[in-house]
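Trainee: Please find the sequence and the predicted model below.
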Amino acid sequence: NFMLTQPHSVSESPGKTVIISCTRSSGSIASNYVQWYQQRPGSAPTVVVYDTNQRPSGVPDRFSGSIDSSSNSASLTISGLKTEDEADYYCQSYDSSTSWVFGGGTKLTVL
Amino acid sequence: QVTLRESGPALVKPTQTLTLTCTFSGFLLSRSGMSVNWIRQPPGKALEWLARIDWDYDKFYSTSLKTRLTISKDTSKNQVVLTMTRMDPVDTATYYCARMGTTYFDYWGQGTLVTVSS
């Protein structure tokens, strides 16, 4: 079994870049794809990054994903922040024993 | 156009069994690789994956909840049903169904809030 740990909240100014981390507790972060979902208040989540670093059509290239094996973590980077990016962000991954796991979520505030 | 919609009771009493239905359109759950999942979110808290049923009737359950969950599908009606037994106030949450076409949850329903209270 594994868990994904995210910072509870991050904040940054419009136009800046923010990085949200997601650390896997056991097993390699590189062993399974990582997804990132955006959830605005009162709405269902929508995917912004899938398969660790792929963007669905319609998601701006300001959103990017990566992993760092040395820290066993994934990251979501949002550049050129806009007020509309303010939302909760969840990472998600998988393994055969735990199945599909979500991180605890990070509240992004764009000041 | 892919859509999913959850339906079920808004209020259940402790110890009762919850039955939720996901009615979908725009895709075939009989198509190879397709699955429908249930995910829940308690108020103000994180998402939690619950269960999945695949196109070929394979089923997967959350390790912590597997003794309480049953997932099934009626391909002819384009529906997936989740039952959860022995409901408790901690099960109060918005319950979502979501399609997984490849490796991620690509389409979600709007969610249905279920409150567990006597």
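Mentor: Received, thanks. In this text the structure is predicted, and so the values were computed from the model without any measurement. Residues are numbered from 1 along each chain as shown, chains lettered A, B, ... in the order given.
Trainee: neighbours of residue B:26, just the number please.
Mentor: Using other C-beta atoms under 10 Å in any protein chain shown, residue B:26 has 11 neighbouring residues. Placement of C-beta: from N, CA and C, glycine included.
Trainee: now it, nearest residue through space, not along the chain?
Mentor: Nearest residue to residue B:26 in three dimensions, chain neighbours excluded: residue B:2, at 3.7 Å (C-beta to C-beta, 6 or more residues apart in numbering or on different chains).
Trainee: which residues touch the worst-scoring helix or strand of chain A on mean pLDDT?
Mentor: Every helix and strand of chain A was ranked by mean pLDDT, DSSP states H and E. The lowest is strand A:99-102, at a mean of 94. Strand A:99-102 has contacts (C-beta atoms under 8 Å, 6 or more residues apart in numbering or on different chains) with A:2-4, A:90-95, B:37, B:39, B:46-49, B:52, B:60-63.
Trainee: And stretch B:12-23, by the same measure?
Mentor: Contacts for stretch B:12-23 (C-beta under 8 Å, 6+ apart): B:4-9, B:36, B:38, B:77-89, B:91, B:95, B:97, B:109, B:112, B:114-118.
Trainee: How far off centre is it?
Mentor: 11 Å (C-alpha atoms, centre = their mean, to the nearest Å).
Trainee: just to revisit the earlier point, near chain A too, which of the contacts of stretch B:12-23?
Mentor: Restricting the contacts of stretch B:12-23 to those touching chain A (C-beta under 8 Å from any C-beta of the partner chain) yields residue B:109.
Trainee: and the contacts of stretch B:12-23, which are buried?
Mentor: Using 16 or more other C-beta atoms under 10 Å in any protein chain shown as the burial test, those include B:4, B:6, B:8, B:36, B:38, B:78-82, B:84, B:87, B:91, B:95, B:97, B:109, B:112, B:114, B:116 as buried.
Trainee: Now intersect these with the strands, please.
Mentor: B:4, B:6, B:36, B:38, B:79-82, B:84, B:95, B:97, B:112, B:114, B:116 (DSSP state E).
Trainee: Arrange those in CSV, one row each, with pLDDT as further columns.
Mentor: Formatted as CSV, those follow (pLDDT from 0 to 100):
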residue, pLDDT
B:4, 98
B:6, 98
B:36, 98
B:38, 98
B:79, 97
B:80, 98
B:81, 98
B:82, 98
B:84, 98
B:95, 98
B:97, 98
B:112, 98
B:114, 98
B:116, 98
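Trainee: tell me the mean pLDDT over whichever helix or strand comes after the least confident helix or strand of chain A?
Mentor: Next along the chain after strand A:99-102, taking DSSP states H and E as the criterion, comes strand A:106-110. Mean per-residue pLDDT for strand A:106-110: 98.
Trainee: Quickly check: strand A:106-110 near chain B or not.
Mentor: No. Strand A:106-110 lies apart from chain B when judged by C-beta under 8 Å from any C-beta; the minimum separation is 10.1 Å.
Trainee: Relative to that strand, what are the paired strands and their orientations?
Mentor: Counting by DSSP bridges, the strands paired with strand A:106-110 are strand A:9-12 (parallel), strand A:87-95 (antiparallel).
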